[in-house]
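Colleague: Let me see the structure of the following:
(chains A and B)
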Amino acid sequence: MNRIGVFLCWCGSNIAGTVDVHRVIEEVRKLPEVAHAENYMYMCSDPGQDLVKAAIRDKNLTNLVVASCSPRMHENTFRKAAASVGLNPYLVEIANVREQCSWVHQQQKDVATRKAYNIIKATIEKVKRNAALEAIRVPVTKRALVVGAGIAGITAALDLADAGFETVVVEREAEIGGKLRRISRTFPYHEPADAILAPRAEALRDHPNVTLYTSSEVTAVGGYVGNFDVEVATDPGDGGPPETRTEKVGAIVVSTGYDLYPVENLGEYGGGRLPDVIDGLAFEGLLADSFRNGEPVRRPSDGRPVRDVVFIQCSGSRDPENHKPYCSRICCLYTNKQARLLRDRNPGCRAWVSFMDVRTDCKNTEEYCQQNIEERGIVYVRGRVSRVWQEGDRLRLWTADTLTGEKIELDADLVVLATAVVPAAGYAEVSSLLRAGVDANGFFQESHIKLRPVESSTRGVYLAGAGQYPKDITDTVAQAQATASKIQSLFANEELAQDPLVCRVDPDLCSACGICVPICPYGAREVDALAGFSRVNEALCEGCGACVAACPNKACQLKNDSMVQVVGEIEVFAAEEGEEDYTCAC
Amino acid sequence: MNYTYFPGCTLYTKGKSFDDAGKAAGERLGFSLEELPSWTCCGATFPLAEDYDMALASPTRVLAHSRQRGDKLVTLCAVCHNVLKRTNHVMKTNDERRAKVTEFIEEPYDAGLEVLHYLEVLRDEIGFEAVAGKVQKNLSGLRVAPFYGCLLLRPKAEMAMDDPDAPSIFEDLLAALGAEPVDYPMKAECCGAFQVVHSDAMATRCSREIIASARGRGAELLVTACPLCQFNLEDRQAEMARGEQGFKGLPVLYFTELLDVALGGDPDRIDPDKHHTDPRPVLQARGL
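Modeller: Numbering: from 1, shown residues only, chains lettered A, B, ... in the order given. Next comes the predicted model:
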């Protein structure tokens, strides 16, 4: 015999203003197996929770129904309250009488009152059959894998290795360092990029806790948080077949970085057709050559030192109709730096920057940028260049100064396009291997933009660097260090607790047809040919119910959401409601 | 081979030679342009407001009538082509707007029509190689600047004809005729368009850029695919000559006129009185 407790929340006037909470409780008290029922103004408040706890203790309640707002709001609150006085938290159910009742029937108080009663009655029917479940516990392998060894991957790997965790680093290229290897000097202090990168790269190569695979890619990923099996394929470099090996790790960092949007896509600027129209990284190469040789910056077509250079910002960024809708974030500052360094390297040369706005959102960069404009003679022209073409051995541009309204024609030796930052090639394969979602632009999606910025949509898979969104070196390193810290918190546990509301299979009903395997979005289903039925990997299962719907034998059931429970709820609700029609007010 | 053909208003009047030569050249290439009976205005401009459905009524009516005769509609005027092709794109991709407009005009239209420009017929249906095979008077050595203007290729995705930033369809045709296409940066710029009505100075400025650029790259002749481009580029030359000592004009022809001559048409059909700069000396110099 159950001893069920029912707690109806007023939610101030949100529920009580529409539902007659006293009448509902009066009626609920008459139901069989209900040992206690009461209402209160704010059940989620501390005094409200105390009422719940006291009733569990004093009346020996065995199951609870809290009739309140959506379970997304306070299910956890009441489960924790129950657990604190010794009641299994999975014996607590929420009856949603706010979003699904009082808010949508504000003009129909009688109807809302009856519906609230019926929702509670149906939920009682469900909670009677709830099982007392225990959290699933899985062990943690305290080793990490880092995919991509740019400055983000190197930083995260070094932090983890320094903390004493073995770290496997997989890099597609033969050399580590990523895009930073192609940059000459950094803003705002003109520190050579190599001075930043080289010591970190060396530390990574020499670290006893780091296993580094270059010319390598991740080719398969199995398992789940704390227990991943990752297949790494290494190109032996002699044309032979790749060598593969499997690494066991507990956490994975995706630091696959960025590419630049191809200049070929900017036909109006002659990208890909005119040799002296190049992107920002190509210009970094020209600057690096200049520093190395002690010579002026020379243009690609004929090697002549440049006198007039136009930098075009937002080339492909902030252009939702034709190119990318987002701001690429790093271009304003690197363009300003490039123009400044150019003026230093080629005295007497002219540098124009075509811009929409100048965005300087990093420390000391507004001052840096302003100083370059005011004291270093860089000419900023607000407007968008309409086209670039070859005129003799120089380039000609049309643009406009939208602050004065003038149309401008310029001749230049070199045009540098600050093209949009896009996710590095291969992001889609990495995304599907790791089940780490990407956004509409292909950037890896964080779990929550404010509160969980370094976690991907899959537990145990973390993000660092520009593969998540365009970032400068400062932000990339900060995020990589945050990611490493987050993984260290994970590795501080010997085992992980997971929600037990997952699918289970009745082996007697299962015919091992395998329909559930491709249906499962989490890769949690696998047919055990030997045993003759389909198993559930409880650590991977998210309890979505896709296999339950797909199973022709009804062999899959969600724990505490079984067929009997759901049908029972519907039967109770339908029997009470009869033919009454509820018009949704929303 | 017969094609349903939409001439549009200007090809009945100022652009008659564009139309005549296009039909004549078609016959020489083995296809006939059969005028859509009782055609109405193409709409003249494509509405950019996404809810301005009224402006789609006229072009949709043209499309619906053409559909009754087959699955292809050929145009010559770049403006008509732009409006009809873009309207057709709306009909193909937006069922809601299609239902609204066809209900309003009380004509069914299943969006099953393909709108083709004459240049596309030559490239995709006849083939430039076949055109080259029919050339009777080779234009060898004639340096011709093709002028695309603004509407023929844009917007790229909807017109789906060629890359507006680096087009080649016109050049390939000229090369098939034996001429030497002139590559110049202004080939797809604005001629000044309707601005000539209230600011002829602006139209002159725009047209001058184009003429000077083509001339600067050695063009002897310029060809167009649009009556409005033809008008501005020709007519504005008088103004350019007034403003600039030693101005050297550039003859401007509709591309169909040059095509017809190359295929054996009579060059005397080109009326010198209708051109600011007489094109005949240039053609005569090449033995045409």
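Colleague: With adjacent residues omitted, what lies nearest to the residue in the stretch 51-200 of chain A that chain B sits nearest to?
Modeller: Relative to chain B, the nearest point of the stretch 51-200 of chain A is A:Arg182 (27.2 Å; C-beta to the nearest C-beta). Any C-beta I mention is one placed from the backbone N, CA and C, and that applies to glycine too. Once flanking residues are discounted, A:Arg182 sits nearest to A:Leu281: 5.1 Å by C-beta to C-beta, 6 or more residues apart in numbering or on different chains.
Colleague: Contact partners for the one you found?
Modeller: Taking C-beta atoms under 8 Å, 6 or more residues apart in numbering or on different chains, we find A:Leu281 in contact with A:Lys179, A:Arg182, A:Ile183, A:Leu260.
Colleague: quick one on the thing from earlier: looks like the residue of the stretch 51-200 of chain A closest to chain B contacts A:Gly285 (just checking).
Modeller: Yes. Counting by C-beta atoms under 8 Å, A:Gly285 is a contact partner of A:Arg182 at 6.4 Å.
Colleague: before we move on, which element is A:Val527 in?
Modeller: strand A:525-528 (DSSP states H and E).
Colleague: do the same with A:Gln488
Modeller: Here A:Gln488 is assigned to helix A:473-491, by DSSP H and E.
Colleague: Beyond that helix, next helix or strand please.
Modeller: Counting by DSSP H and E, what follows helix A:473-491 is strand A:495-498.
Colleague: who does that next one touch, helix- and strand-wise?
Modeller: strand A:136-139 (3 or more C-beta pairs under 8 Å, 6 or more residues apart in numbering or on different chains; DSSP states H and E).
Colleague: And the strand it packs on, what's buried?
Modeller: By neighbour count on 16 or more other C-beta atoms under 10 Å in any protein chain shown, the buried set for strand A:136-139 is A:Ile136, A:Val138.
Colleague: so how far is A:Gly348 from A:Glu202?
Modeller: 39 Å (C-beta to C-beta, to the nearest Å).
Colleague: now do B:Asp268
Modeller: Distance from B:Asp268 to A:Gly348, by C-beta to C-beta: 60 Å.
Colleague: Counting neighbours, which of the contacts of A:Leu281 comes out on top?
Modeller: A:Ile183 (24 neighbours; other C-beta atoms under 10 Å in any protein chain shown).
Colleague: Next up, the contacts around that one.
Modeller: By C-beta under 8 Å, 6+ apart, the neighbours of A:Ile183 are A:Ala193, A:Leu281, A:Glu284, A:Ala288.
Colleague: if we can go back for a sec, who does the strand holding A:Val527 pair with, and is each partner parallel or antiparallel?
Modeller: strand A:533-536 (antiparallel) (DSSP bridges).
Colleague: Any buried residues in the partner strand, and which?
Modeller: For strand A:533-536, by 16+ other C-beta under 10 Å, it's A:Phe533, A:Ser534, A:Arg535, A:Val536.
Colleague: which outside residues touch it?
Modeller: So strand A:533-536 is contacted by A:502-505, A:507, A:510-514, A:516-517, A:524-528, A:555-556 (C-beta under 8 Å, 6+ apart).
Colleague: Could you write out the alpha-carbon coordinates of it in PDB?
Modeller: Listed next in PDB are the C-alpha coordinates belonging to strand A:533-536 (Å, rounded to 0.1, in the frame of the first residue of the first chain):
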ATOM      1  CA  PHE A 533      18.900  -9.400 -27.600                       C
ATOM      2  CA  SER A 534      19.700  -5.700 -28.000                       C
ATOM      3  CA  ARG A 535      21.500  -4.100 -25.100                       C
ATOM      4  CA  VAL A 536      21.400  -0.500 -23.700                       C
END
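Colleague: contacting residues for the closest residue to A:Gln479 other than its chain neighbours?
Modeller: Leaving aside its chain neighbours, A:Gln479 sits nearest to A:Ala464 (5.2 Å; criterion: C-beta to C-beta, 6+ apart). Under the criterion of C-beta under 8 Å, 6+ apart, the neighbours of A:Ala464 are A:152-153, A:155-156, A:253-255, A:454, A:476, A:479-480, A:482-483.
Colleague: phi, psi of A:Ala464?
Modeller: A:Ala464 adopts backbone torsions of phi -150, psi 140, taken as degrees, to the nearest 10.
Colleague: what mean pLDDT does stretch A:419-427 have?
Modeller: For stretch A:419-427, mean pLDDT rounds to 98.
Colleague: how close does the one residue in chain B that gets nearest to chain A get to A:Val277?
Modeller: Nearest residue of chain B to chain A: B:Asp165, at 2.8 Å (C-beta to the nearest C-beta). In this view, B:Asp165 and A:Val277 are 12 Å apart by C-beta to C-beta.
Colleague: Same question for A:Lys554.
Modeller: In terms of C-beta to C-beta, A:Lys554 sits 64 Å off from A:Val277.
Colleague: still on that earlier bit, just checking, which of the contacts of A:Leu281 belong to helices?
Modeller: Per DSSP state H, helices hold no members of those.
Colleague: residues in contact with the residue nearest the centre of chain B?
Modeller: Centrality entry for chain B: nearest residue to the mean C-alpha point is B:Ala225, 2.3 Å, by C-alpha atoms, centre = their mean. Going by C-beta under 8 Å, 6+ apart, B:Ala225 touches B:Leu76, B:Ala78, B:His117, B:Tyr118, B:Leu119, B:Phe147, B:Tyr148, B:Gly149, B:Leu152, B:Phe170, B:Tyr254, B:Phe255.
Colleague: burial of the fourth one, as a residue count?
Modeller: By that I understand B:Tyr118. Neighbours of B:Tyr118 (other C-beta under 10 Å): 23.
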